[in-house]
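> I'd like to go over a predicted model; first the sequence, then the structure.
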Amino acid sequence: MLEKYFKLKENNTTVRTEVVAGITTFMTMAYILAVNPSMLGDAGMDVTAVLIATCLASFIGTVCMALMANYPFALAPGMGLNAYFAYTVCGIMGYSWQVALMAVFVEGIIFILLSLTNVREAIFDAIPGTLKKGVSAGIGLFIAFIGLQGADLVVSNSSTLVTYVDFTANWNTQGICAVLALIGLFITSVLFIKRVKGSILIGILATWVLGMLAQAVGLYVVDVENGYYSLFPTFAVTDFTAIGKTFGQCFAVDFEGVGFFNFAVVIFSFLFVDIFDTIGTVIGVSSKANMLDENDKLPRIKPVLLSDAIATTAGAVLGTSTVTTFVESSAGVGEGARTGLASIVTGFLFLLAIFFAPIFTAIPGFATAPALIFVGFLMVSSILKIDFEDAKEAIPAYLCCLSMPLMYSISEGIAMGVISYVIINTVTGNAKKVTPLMYVLAVLFVCKYIFL
């Protein structure tokens, strides 16, 4: 049955590979179960309700992806989009979280319409193959940077923006976490080189176990005030009735004091970032997994984008910010995932997380960081497929790749790539290479920087 539905042999994979990869993807995404409720809680939402909504929306989106598109992409409320929801819309703009949820709901409906009318598919197909390779490499650098931060190996610095951690200053918290992350990275690397199946997942679990041992002997010290929690999972019962505090609240909106123009700006901001974050992630992950065809197009792209749109709409009704395709899906692809079976595993783990959330939220950042850093290595190799002899193609891909980690955004990287591609090829007499839609995208990106 699994073979017939997911076409495992056709995609050169096995049930075991897909299951291990699905678990790996979930493990690298599990942090969202702690981070999303915390962020939206700052907007005044009930933390437990947001946790349940996060799990359910992730389950719906990821299973839709598996059944509708048969791809190993996982979905969850997006980082950056949840921060915009909590700290800009509900913070700086001063709107209620119900208004913000309504904006996400409207965005989801627009997404569904755009997906059904081939607009998002056309955008995906319009991006040149060279840029797609740059996107994949850029995402590799981006998630590696996220991993370095999650490991506390890279920290902020007032003079150089970022620097390496001072291992001795906070040895029992920040320092030991950084060391454990390095050990985990070496474990993962050695296992991968030795061709051990499940090397990334084993690396996560081994690093977590080492962390618990470090806590047991006093090397790691719990410091809740500074964000260093116990590494041992707890067993607590989830209050399922809490979902009633957010479910359907996107329709209980008091629009008094909310101007039409301001509301439209909020919707467009959600829409713009989500479109290009999703497209960028799908390009990056599918390119690395060799899923693009000879024309650098992704077969069955419409159900991929439709799954994303359905998840966003359902998430708004349940009570969470915009749901999007996660770049951490690349961890599962790195483990060999090639079909929706991996997504089924990831999706059901999100469902189970409602019951066992305290276990999954205990997975520390320094344990998943080695996986992200290592997967970054796997993805950045896409840059080797770029023809650097053709500067007109290579420079935009380079700017795209460079911008993602430095601007901390997939969509900003795509913006730099598209704008530079259009300008360079037009000015150097290669305007025929640029499709009309690329001109439109370039203008939209420029307008975004001017007006948003």
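Received it, and whenever you're ready, just let me know what you need. Residues are numbered from 1 along each chain as shown.
> alpha carbons only for contacts and neighbour counts from here, please
Noted.
> Ile423 falls within a helix, correct?
Yes: if the criterion is DSSP: H, G, I helix; E, B strand; the rest coil, then Ile423 is within a helix.
> Look up how far Gly417 lies from it.
With the distance defined as C-alpha to C-alpha, to the nearest Å, Ile423 ends up 10 Å from Gly417.
> you'd agree Val162 is in a helix?
No: counting by three-state DSSP, Val162 falls outside a helix, being strand.
> got a list of what it touches?
Val162 makes contact with 154-156, according to C-alpha atoms under 8 Å, 6 or more residues apart in numbering.
> neighbour-wise, which of Ile423 and Gly417 wins?
A side-by-side neighbour count of Ile423 and Gly417, using other C-alpha atoms under 10 Å, places Gly417 first with 27 against 17.
> just checking, that one touches Pro396?
Yes: Gly417 sits in contact with Pro396 when judged by C-alpha atoms under 8 Å, with a separation of 4.8 Å.
> Identify each buried residue in stretch 175-191, please.
Of the residues in stretch 175-191, those buried by neighbour count under the rule 16 or more other C-alpha atoms under 10 Å are 175-185, 187-189, 191.
> and of the residues you listed, the nearest to Ala367?
When the buried residues of stretch 175-191 are compared for distance to Ala367, the smallest value, 6.2 Å, is given by Ala181; criterion: C-alpha to C-alpha.
> In three-state terms, label that closest one for me.
Judged by three-state DSSP, the three-state class of Ala181 is helix.
> I'd assumed Ala371 was in contact with it.
No: applying C-alpha under 8 Å, one finds Ala181 not in contact with Ala371, separated by 9.5 Å.
> tell me the contacts of Val155?
Counted by C-alpha under 8 Å, 6+ apart, Val155 has contacts 149, 162-165.
> thinking again about what came up before, who touches both of Gly417 and Pro396?
Common neighbours of Gly417 and Pro396 (C-alpha under 8 Å, 6+ apart) are Leu131.
> Would you state the strands of the stretch 1-150 of the chain in chain order?
Taking DSSP state E, counting those that start in this stretch as the criterion, the stretch 1-150 of the chain contains strands spanning 75-77.
> typo on my end, it should be the stretch 351-452 of the chain
Along the stretch 351-452 of the chain, no stretch is classed among the strands by DSSP E, counting those that start in this stretch.
> so where's it uncertain?
By pLDDT under 70, the weakly predicted segments of the stretch 351-452 of the chain are 361, 452.
> For the most centrally placed residue in the chain, which non-adjacent residue is spatially closest?
The residue at the geometric middle of the chain, judged as the C-alpha nearest the mean C-alpha position with C-alpha atoms, centre = their mean, is Phe326 (2.8 Å). Distance criterion C-alpha to C-alpha, 6 or more residues apart in numbering; nearest residue to Phe326, sequence neighbours excluded, is Leu75 at 5.4 Å.
> Run through the residues that contact the one you found.
For Leu75, the contacting residues are 58-59, 61-62, 308, 311, 323-326, taking C-alpha under 8 Å, 6+ apart as the criterion.
> Then Leu81?
Applying C-alpha under 8 Å, 6+ apart to Leu81 gives the contacts 270, 273-274, 321-322.
> farthest-separated two in those?
Val273 and Ser321 (12.8 Å).
> Please identify which of those two sits among more neighbours.
For Val273 versus Ser321, the count of surrounding residues by other C-alpha under 10 Å is larger for Ser321: 35 against 16.
> what separates the nearest residue to Ile414 once chain neighbours are set aside from Ser411, distance-wise?
If you skip the residues right next to it in sequence, Ile414 has Cys400 as its closest partner in space, 5.8 Å away by C-alpha to C-alpha, 6+ apart. Distance check for Cys400 against Ser411: by C-alpha to C-alpha, it reads 10 Å.
> more crowded one of those two?
More neighbours surround Cys400 than the other of Cys400 and Ser411, with 32 against 25 (other C-alpha under 10 Å).
> Please report how far the more buried one lies from Ala137.
Applying C-alpha to C-alpha to Cys400 and Ala137 gives a distance of 9 Å.
> ok, now Gly315?
Shown here: Gly315 relative to Ala137, a distance of 30 Å by C-alpha to C-alpha.
> I'd guessed Val375 sits against Phe145; true?
No: under the criterion of C-alpha under 8 Å, Val375 is not in contact with Phe145, lying 11.1 Å apart.
> just to revisit the earlier point, got a winner among the contacts of Leu75 for most neighbours?
Thr62 (33 neighbours).
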